[in-house]
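**Q** What follows is a predicted protein model with its sequence.
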Amino acid sequence: MQKPSIPKGTRDFSPAEMMRRNYIFDSIRQVFRTFGFAPLETPAMENLSTLLGKYGDEGDKLLFKILNSGDYAAGLAPDELRQASKICEKGLRYDLTVPFARYVVQHQGEIVLPFKRYQIQPVWRADRPQKGRYREFYQCDVDVVGSRSLLNEVELVEIVERVFRKLGIAVTLRMNNRKILYGIAETIGHADKMIDITVAIDKLEKIGIDNVKAELRERGIDDAAIDRLQPILELRGDNRRKLSALRDVLSGSETGLKGVEELETVFGYVERLGIALAVELDLSLARGLNYYTGAIFEVKANDYAIGSICGGGRYDDLTGIFGMPDTSGVGISFGADRIYDVMVGLELFPEEVNFSTKVLFVNLGADEEAASLGLLRALRDAGVAAEIYPEKGKMKKQMEYANRRSIPYVAIVGSDELARQTVTLKDMRTGEQRQVPFAELAASLQ
């Protein structure tokens, strides 16, 4: 007999886990809607031509490719079988941003620019599963396309603040700008190797400066350039001091100075609005995705050891590869799975998230059952999640059922209660019992 299993890097979610996950999704969705973003969904699979070349060489290696259906390969010669393009023309989406760009171009005649959308769906990456890293995971994306205004970046900072305040997670938002990274590459004499430099320095926190320098050498960066790069990455002080130092360092790079100016604008608004969020300039932040061109974001939890739980940035021409050039966009993605792990680890979920039913009516016989059904209907009309034990049974068995389901209240309607037109309401957490008139039950449980 085959032992049931699921692929590594994927998970089943129990009802208790789903209630917690839905709490995260609902909290994030509510903030997105507050800022005027509309919902969107795209297919789980996209044409490989849509996905390939958008995530860098390392990202392309992590794409899940889908074999063409049926016996497509049966009639192919051996040399044709070796060509993946002959048997794989589709892939599971790697993120939600590239499919969003494809959607914008495909439906450009139907949407109004600037177009603001949010999207909460799973994505897939053929990564090595480990703590906090899965092959199937959910992203909660919010993007605006069709505007170059830096007010969009400021809104994203506000969204980060509001989402994590709502969830109770203390976080730090790290920011950088790809124009600054280009300016750095230009200043050290390797503008042509900007991608190699960004891929390497993006690993600084994980592998340390010595290993980053070794990787830079492997990527063809000479020691003199590395020596000029290191002090830039190690700049200290507050955001203003770092940006001031960068103005001097990047004085010969027009692109780099533009990036400095953009960050000064965003940080200025953040300060003026009194946004209660730690926002830091981190020059090692690179985010390896090739399509970023301006501001880049990454969010980490302050009190829990895990990778970034949110990230994104500005992309000036992602739609251009689909035939719609000069349409800038910016967005940020919340990693629901890592946020879940943080909230479990820090015990941040409200108690009411942990149960699907608020009150269970015990079943003591035909007359009591009929009265309970009427009360159930009134409770549900009032928005209280309630159910009745489906068969008449021993009180102890029904109480155990409520306990195992983490149902906080049990309503007992017996012959005495019927005579008094009251319910004995038991709090399963404290053991306390009280008498509640039928007419007052809904208000009492609300």
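**A** Happy to help now that I have it.

**Q** Am I right that Thr357 falls within a helix?
**A** No. Secondary structure assignment (DSSP: H, G, I helix; E, B strand; the rest coil) places Thr357 in coil, not in a helix.

**Q** how many neighbours does it have?
**A** Here the count is done by other C-beta atoms under 10 Å, and Thr357 has 15 residues near it. Quick note: C-beta positions are derived from backbone N, CA and C, even for glycine.

**Q** Next one: it from Val436, what distance?
**A** According to C-beta to C-beta, to the nearest Å, Thr357 and Val436 sit 18 Å apart.

**Q** What of Glu368?
**A** Distance, Glu368 to Val436, using C-beta to C-beta: 16 Å.

**Q** Which one's more surrounded, those two?
**A** Each of Glu368 and Val436 has its neighbours counted (other C-beta under 10 Å); Glu368 has more, 20 against 17.

**Q** Find the nearest non-adjacent residue to that one, please.
**A** Leaving aside its chain neighbours, Glu368 sits nearest to Val413 (4.9 Å; criterion: C-beta to C-beta, 6 or more residues apart in numbering).

**Q** my guess is that neighbour contacts Arg420, does it?
**A** No. If you go by C-beta atoms under 8 Å, Val413 and Arg420 don't touch, sitting 10.3 Å apart.

**Q** out of these two, which sits in the more crowded spot?
**A** Counted by other C-beta under 10 Å, Val413 and Arg420 do not tie: Val413 has more neighbours, with 27 against 12.

**Q** for Ile243, what are its contacts?
**A** For residue 243 the amino acid is Leu, not Ile. Residues near Leu243 by C-beta atoms under 8 Å, 6 or more residues apart in numbering: Val260, Leu263, Glu264, Phe267, Leu281.

**Q** Am I right that the fourth one is in a strand?
**A** No. Checked against three-state DSSP, Phe267 lies outside a strand; its state is helix.

**Q** Can you report how many residues neighbour it?
**A** 20.

**Q** Need the pLDDT of it.
**A** For Phe267, the pLDDT comes out at 96.

**Q** where does the stretch 101-250 of the chain dip in pLDDT?
**A** Scanning the stretch 101-250 of the chain for pLDDT under 70 picks out the ranges 132.

**Q** now the helices for it?
**A** Here the stretch 101-250 of the chain has its helices, by DSSP state H, counting those that start in this stretch, at 151-167, 178-187, 194-201, 204-218, 223-233, 239-249.

**Q** wouldn't Leu348 be in contact with Lys166 here?
**A** No. Between Leu348 and Lys166 there is no contact, the gap being 10.7 Å when judged by C-beta under 8 Å.

**Q** More neighbours: which of the two?
**A** For Leu348 versus Lys166, neighbours defined as other C-beta under 10 Å are more numerous around Leu348 (17 against 14).

**Q** Doesn't the more buried one lie inside a helix?
**A** No. Per three-state DSSP, Leu348 lies outside any helix segment and is coil.

**Q** Check the gap between it and Phe25 for me.
**A** Leu348 sits 15 Å away from Phe25, going by C-beta to C-beta.

**Q** right, so of the helices of the stretch 101-250 of the chain, which gets closest to Val362?
**A** For these, proximity to Val362 was assessed by C-beta to C-beta; helix 151-167 is nearest, at 35.9 Å.

**Q** Turn the helices of the stretch 101-250 of the chain into JSON lines, including distance to Arg314.
**A** Output for these, formatted as JSON lines (distance: least, C-beta to C-beta, whole Å):
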{"stretch": "helix 151-167", "distance to Arg314": "7"}
{"stretch": "helix 178-187", "distance to Arg314": "8"}
{"stretch": "helix 194-201", "distance to Arg314": "15"}
{"stretch": "helix 204-218", "distance to Arg314": "21"}
{"stretch": "helix 223-233", "distance to Arg314": "21"}
{"stretch": "helix 239-249", "distance to Arg314": "17"}
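
**Q** Nearest to Val330, out of these?
**A** Smallest distance to Val330 across those (C-beta to C-beta): 5.0 Å, for helix 151-167.

**Q** which helices and strands does that closest one pack with?
**A** Counting contacts by 3 or more C-beta pairs under 8 Å, 6 or more residues apart in numbering; DSSP states H and E, helix 151-167 packs against helix 15-34, strand 136-145, strand 171-177, helix 254-273, strand 295-301, strand 310-315, strand 329-335.

**Q** Of those, which is nearest Pro4?
**A** strand 136-145 (17.4 Å).

**Q** which other helices and strands contact the closest one?
**A** Applying 3+ C-beta pairs under 8 Å, 6+ apart, we find strand 136-145 packed against helix 15-34, helix 97-106, strand 115-124, helix 151-167, strand 329-335, helix 336-345.

**Q** so what does the shortest one touch, helix or strand wise?
**A** Contacts of strand 329-335 with other secondary structure elements, assessed using 3+ C-beta pairs under 8 Å, 6+ apart, are made with helix 97-106, strand 136-145, helix 151-167, strand 310-315.

**Q** so who does the residue nearest to Glu368 touch?
**A** Going by C-beta under 8 Å, 6+ apart, Val413 touches Phe361, Val362, Leu364, Glu368, Ala371, Ser372, Leu375, Val423, Thr424.

**Q** Closest one to Val384 out of these, please.
**A** Nearest to Val384 among the contacts of Val413 is Leu375, at 10.3 Å by C-beta to C-beta.

**Q** Past the helix or strand harbouring that closest one, which element shows up next along the chain?
**A** Taking DSSP states H and E as the criterion, the element that holds Leu375 is helix 366-381. For helix 366-381, the succeeding helix or strand toward the C-terminus, using DSSP H and E, is strand 386-388.

**Q** For that following strand, enumerate its sheet partners and note whether each is parallel or antiparallel.
**A** Applying DSSP bridges to the sheet, strand 386-388 is found paired with strand 359-361 (parallel).

**Q** contact partners of the partner strand?
**A** Strand 359-361 is contacted by residues 372, 375-376, 379, 384-389, 398, 401-402, 405, 407-413, 425, 445 when judged by C-beta under 8 Å, 6+ apart.

**Q** Cool, thanks, talk later.
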